[in-house]
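Asker: Here is a sequence together with a model predicted from it:
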Amino acid sequence: MDSTYTCSQCGMSVKSQCAKCDEPLLNNSITLDNGDEVQVSYCPTCEGKIKSPMCCGEDMSCVF
């Protein structure tokens, strides 16, 4: 399942994949120690995580 991230401001879209595993990144969120929730992209194979893409100063929304 490919995740596509789209900017609600300008409409730009990106697809992300793990360079290590060549797997499409999936959308998720994590809760920080202070209780804030952060959107992340993660690899289902190696479980690596990155901050989800941003555009126009906002997190891009994820569409499957």
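Answerer: Structure's in. What do you need? Residues are numbered from 1 along each chain as shown.
Asker: This protein: helices as residue ranges?
Answerer: Using DSSP state H, the chain contains no helices.
Asker: Tell me, please, where in it the pLDDT is lower than the cut-off.
Answerer: Filtered on pLDDT under 70, the chain yields the residue ranges 1-3, 64.
Asker: isn't Asn28 right up against Val38?
Answerer: No: checked against CB atoms under 8 Å, the pair Asn28 and Val38 is beyond contact range at 9.8 Å. No exception for glycine: its C-beta is placed from N, CA and C like everyone else's.
Asker: Double-check Ile50 against Ile30; I have them as touching.
Answerer: No: using CB under 8 Å, Ile50 is not in contact with Ile30, being 11.2 Å away.
Asker: Next, show the common contact partners of the two.
Answerer: The contact sets of Ile50 and Ile30 overlap at Val40 (CB atoms under 8 Å, 6 or more residues apart in numbering).
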